[in-house]
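# need the 3D shape of this:
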Amino acid sequence: MEDQVLKPGDRDYVAALASGLDVLQAFDGEHPRMTLSEVAARTQMDRAKARRFLLTLHALGFVRRSGRYFELTPRVLQLGYAYQSSNQYRAVVQQYLEELTDELGESASLAVLDGDDVVYVVRSSARHRLMAITLSVGTRLPAAYTSMGRVLLGQLPDADLEAFLDRVQLQAFTASSVTSRLALKDEVDKARKNGYAIVDQELDSGLRSVAVPVFAGSGQLLGAINISTNAARVSMETLKGSYLPRLQQAAESIRQTARS
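Here you go, the predicted model:
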């Protein structure tokens with residue numbers, strides 16, 4: 001039997017814990033330091049509630065205070081480190097991604113699905129930069145507009161995929177972006193059928209990527225791995241004809257190496 005996911009209002013749902021995590025997640029690369037009012041606005045809390053959570057996080061050492069401003073402390077890294085340490089396959093995946101980067105000169109990553117986003121958990125960066133933002137472990141991108149996201153959405157049960165399609169907010173990041181539910185479903189269905197996904201300049205102009213699912217030897221889904229590149233440098237023919245087979249080889253090598 002699958003675990004039942006609690007909803008706000010359920011007896012066992014701890015709203016205070018959820019709110020505290022909302023405050024932590026309000027800080028990001030664009031909002032590294034915020035006032036109480038800014039935190040309250042980003043979390044949609046009243047000021048008194050946001051103040052209590054900030055002061056509690058400050059007392060626990062996860063937030064530091066400087067005058068009117070609050071910011072995260074390095075202690076929050078312990079939360080991410082706990083996840084990385086518990087993932088016994090990370091070192092295996094890192095090895096194969098670095099081999100891809102060395103061979104092809106392109107960035108390669110492993111991501112997992114978290115809500116409506118993909119989260120980067122392993123990354124091998126090429127020297128050239130592909131996006132305006134810096135991609136690194138912990139970066140979140142919308143699953144609907146990434147090759148890894150579409151591959152992982154294709155692994156969902158039909159009911160979970162339908163729920164995602166019903167709630168996801170689609171937007172035109174570029175002129176190539178899919179903006180209809182039906183078109184996105186078609187792309188996810190193709191990824192499920194073909195075993196890979198290619199996204200061409202839908203999230204960022206010039207960004208082109210290909211992804212495949214990656215499994216442990218036990219059959220456990222570890223996430224999706226991708227190769228990302230610049231559209232002006234690498235054609236779709238090269239991406240599909242050369243990069244995709246190499247990515248599939250890496251996924252198979254990970255499956256054979258990462259055995260439970």
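# ok, the closest residue to residue 107 other than its chain neighbours - contacts?
Nearest residue to residue 107 in three dimensions, chain neighbours excluded: residue 126, at 4.5 Å (C-beta to C-beta, 6 or more residues apart in numbering). Where C-beta positions appear, they are placed from N, C-alpha and C, glycine not excepted. Contact analysis of residue 126 by C-beta atoms under 8 Å, 6 or more residues apart in numbering lists 101, 105-107.
# make a PyMOL selection of the buried ones in these.
Buried residues within the contacts of residue 126, by 16 or more other C-beta atoms under 10 Å, are selected in PyMOL with:
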select buried, resi 101+106+107
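# out of the contacts of residue 126, who's nearest residue 55?
residue 107 (40.2 Å; C-beta to C-beta).
# show me where the stretch 101-250 of the chain has its strands.
Using DSSP state E, counting those that start in this stretch, the strands found in the stretch 101-250 of the chain span residues 107-114, 117-124, 140-142, 197-200, 207-215, 221-230.
# okay, the ones you listed in a markdown table with mean pLDDT and distance to residue 172 next?
Formatted as a markdown table, these follow (pLDDT from 0 to 100; distance: least, C-beta to C-beta, whole Å):
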| stretch | mean pLDDT | distance to residue 172 |
| --- | --- | --- |
| strand 107-114 | 92 | 23 |
| strand 117-124 | 91 | 18 |
| strand 140-142 | 91 | 12 |
| strand 197-200 | 95 | 14 |
| strand 207-215 | 94 | 15 |
| strand 221-230 | 93 | 20 |
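# columns distance to residue 250 on top of these, output as JSON lines?
Formatted as JSON lines, the strands of the stretch 101-250 of the chain follow (distance: least, C-beta to C-beta, whole Å):
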{"stretch": "strand 107-114", "distance to residue 250": "8"}
{"stretch": "strand 117-124", "distance to residue 250": "11"}
{"stretch": "strand 140-142", "distance to residue 250": "21"}
{"stretch": "strand 197-200", "distance to residue 250": "16"}
{"stretch": "strand 207-215", "distance to residue 250": "8"}
{"stretch": "strand 221-230", "distance to residue 250": "6"}
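# of all these, which lies closest to residue 11?
strand 107-114 (25.2 Å).
# what is the closest one packed up against?
The contact analysis (3 or more C-beta pairs under 8 Å, 6 or more residues apart in numbering; DSSP states H and E) places strand 107-114 against helix 90-104, strand 117-124, helix 147-153, strand 221-230.
# re the thing from before, closest to residue 78 out of the strands of the stretch 101-250 of the chain?
strand 117-124 (16.2 Å).
# and stretch 157-171, which residues are buried?
Neighbour-count burial for stretch 157-171 flags 161, 164-165, 170 (criterion: 16+ other C-beta under 10 Å).
# deepest in the core, which of the helices and strands packed on strand 107-114 is it.
A comparison of the helices and strands packed on strand 107-114 by mean neighbour count, using mean count of other C-beta atoms under 10 Å, puts helix 147-153 on top with a mean of 28.
# can you list the neighbours in contact with that one?
Against helix 147-153 from outside (C-beta under 8 Å, 6+ apart): 109, 111-113, 117-118, 141-144, 161, 164, 187-188, 191, 196-199, 209-213, 223-226, 228.
# I'd assumed residue 214 was in contact with residue 155.
No - assessed by C-beta atoms under 8 Å, residue 155 is found out of contact with residue 214, at 10.7 Å.
# quick one: which of these two has more around it?
For residue 155 versus residue 214, neighbours defined as other C-beta atoms under 10 Å are more numerous around residue 214 (26 against 17).
# how about the nearest residue to the more buried one, chain neighbours excluded?
residue 251 (4.5 Å).
# give the helix, strand or coil label for the one you found.
Following DSSP: H, G, I helix; E, B strand; the rest coil, residue 251 is assigned to helix.
# and the helices and strands packed on strand 107-114: which comes nearest residue 42?
Closest among the helices and strands packed on strand 107-114, once you apply C-beta to C-beta, is strand 117-124, at 16.6 Å.
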